[in-house]
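**Q** Okay, here's the prediction I keep looking at, along with the sequence it came from:
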Amino acid sequence: DFQILSGLDHTKANANGDGGGDHARASATFLTGCQARKTSGKDIKLGVSVDQVAAQAIGHATKLPSLELSCDGSRRSGKCDSGYSCAYQYNLSWKSESIPVPSESNPRSVFERLFGQAQFSEDRKAAARRIKTAGSVLDFVLEDARKMKSRLGYEDRQKLEEYFSSVREVETRIRSKGGASESFADVESPEGIPNAYRDHVRSMFDMMTLAFRADLTRISTFLLAHDGSNRSFREIGVPEGHHSLSHHRDDPVKIRKLSRIDRFYCEQFAYFLKRLSGFREKDGSRLLDHCMIVYGGGISDGNRHRHVDLPILLAGGKAHGLKTGRHFDYSGKKTKFSPTEIEEIERTKDGFGIPMANLHLGLLEKMGVKANSLGDSTGIARDF
């Protein structure tokens with residue numbers, strides 16, 4: 001259900017004369033292909049991200065043009081990495097070169113945005129009272145659903161029942177993990193965020209699955225952790241911070257612990273793909289077959305802060321002709337490079353293969369969105 005892509009580069013995440021700040025640039029460049037202006041002030045400058053290019057073209061067809069998720073929350077100001085604004089490090093989606101699209105980290109709030117109307121007519125505290133009194137956001141849409149149901153055929157009625165059952169299941173999971181003592185109106189500790197990181201990640205993947213299933217949006221991004229995050233993973237036996245371990249200096253013990261963290265993240269992603277695979281369309285195809293999902297990061301070697309030959313996985317897309325179950329190398333050369341070759345490639349800024357922005361353009365093309373360029377693109381990648 002997926003393919004591994006090599007030879008994709010983000011040379012605009014290199015310093016290119018700007019000094020330190022690789023983590024800020026890695027996040028900023030991932031979906032834009034643009035060099036971030038080095039500033040911690042209000043004069044941030046980047047570029048439009050690929051998801052927002054798609055949202056501007058087809059977002060009108062759904063309730064939400066796009067859905068931005070995160071487990072870290074969104075920051076739009078402040079100084080973070082080596083003189084770069086926190087806006088670069090904490091936001092994947094950019095509506096314009098100076099406006100990041102804020103993400104939501106509370107699955108409860110995401111659920112309300114998807115299925116409730118309170119966000120558009122009430123403030124957060126009123127929404128909290130409404131949810132507490134009614135017991136379920138779903139109850140507020142059931143009445144309309146019943147009216148609709150009477151006009152549907154047998155197959156569509158069955159599909160509607162299946163859909164609402166899945167919504168109820170996820171809402172129950174959110175409620176049980178949120179904790180009765182937490183307040184939905186409390187921004188600092190909002191109701192619905194599970195205590196365990198694994199559960200938080202999966203709840204957000206559940207939200208994305210529901211959004212796609214209900215066709216409330218066709219475009220979504222999810223920042224599992226900001227680049228440079230020093231989160232510890234005690235639940236898998238790794239008490240050290242992720243970022244600290246990434247500077248392993250070839251220490252085999254640290255590398256093994258990093259592998260555990262990588263495995264943890266891959267397991268959560270596998271959970272997401274399994275969820276998408278569980279929903280069938282009328283023609284028997286899976287929801288996953290109609291999705292094109294890019295999973296990866298903007299740094300290929302945390303020990304040396306390298307932004308070339310990025311670790312990219314492309315899942316789903318069979319309905320769009322994507323080729324799964326393979327490894328494809330865009331470098332057209334070889335998959336292994338010596339340290340000397342790596343340094344020379346980075347010194348000349350040529351990259352290993354092609355700009356990752358070329359892949360983004362290829363995905364846009366598959367969606368029927370016309371775009372001549374994106375960031376540092378040099379063409380449209382089609383070999384996927």
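**A** Happy to help now that I have it. Residues are numbered from 1 along each chain as shown.
**Q** what about the residue nearest the centre of the chain, which SS state?
**A** The chain has Phe222 as the residue nearest its centroid, 2.2 Å off, counting by CA atoms, centre = their mean. Three-state assignment for Phe222 (DSSP: H, G, I helix; E, B strand; the rest coil): strand.
**Q** and the nearest residue to it once chain neighbours are set aside, what does it touch?
**A** Of all residues not flanking Phe222 in the chain, Leu69 sits nearest, at 4.3 Å (CB to CB, 6 or more residues apart in numbering). From N, CA and C alone the C-beta is placed, and that goes for glycine too. Listed by CB atoms under 8 Å, 6 or more residues apart in numbering, the contact set of Leu69 reads 103-105, 110, 204, 207-208, 220-223.
**Q** So Leu69, which state does it fall into?
**A** Applying three-state DSSP: Leu69 is strand.
**Q** just to revisit the earlier point, most surrounded residue in the contacts of Leu69?
**A** The most neighbours of any of the contacts of Leu69, using other CB atoms under 10 Å, belong to Met204, which has 27 neighbours.
**Q** Tell me the pLDDT of that one.
**A** Per-residue pLDDT puts Met204 at 94.
**Q** Please give the element, helix or strand, for it.
**A** helix 197-213 (DSSP states H and E).
**Q** Which positions in that helix come out as buried?
**A** Buried residues in helix 197-213, counting neighbours by 16 or more other CB atoms under 10 Å, are found at 197, 199-213.
**Q** gap between stretch 248-261 and the chain center?
**A** 25 Å (CA atoms, centre = their mean, to the nearest Å).
**Q** tell me which residues in that stretch are buried?
**A** So for stretch 248-261, counting by 16+ other CB under 10 Å, buried means 248, 254, 257-258, 261.
**Q** Looking at those, which are in strands?
**A** With strands defined by DSSP state E, no entry of the buried residues of stretch 248-261 lies inside them.
**Q** Out of those, which sit inside helices?
**A** 254, 257-258, 261 (DSSP state H).
**Q** need the strands for this protein, in chain order.
**A** Taking DSSP E to define them, one finds strands in the chain at 2-6, 8-9, 67-70, 94-96, 99-100, 220-223, 232-233, 238-241, 292-296, 312-316, 326-329, 354-355.
**Q** what residue ranges in the protein score low on pLDDT?
**A** 117-151, 154-191, 333-352 (pLDDT under 70).
**Q** Domains in it, by residue range?
**A** Domains of the chain are assigned by automatic domain parsing as 2-100+197-366, 106-192.
**Q** okay, those domains, which one's buried deepest?
**A** A comparison of the domains of the chain by mean neighbour count, using mean count of other CB atoms under 10 Å, puts domain 2-100+197-366 on top with a mean of 18.
**Q** Between the two ends of that one, what distance do you get?
**A** 16 Å (CA to CA, to the nearest Å).
**Q** Work out the gap between that domain and the centre of the chain.
**A** Offset of domain 2-100+197-366 from its chain centre (CA atoms, centre = their mean): 7 Å.
**Q** Grab the nearest non-local neighbour of Met292.
**A** Distance criterion CB to CB, 6+ apart; nearest residue to Met292, sequence neighbours excluded, is Gly317 at 4.3 Å.
**Q** How about Leu359: what's its closest non-neighbour residue?
**A** Ala381 is the one closest to Leu359 (CB to CB, 6+ apart), at 4.7 Å.
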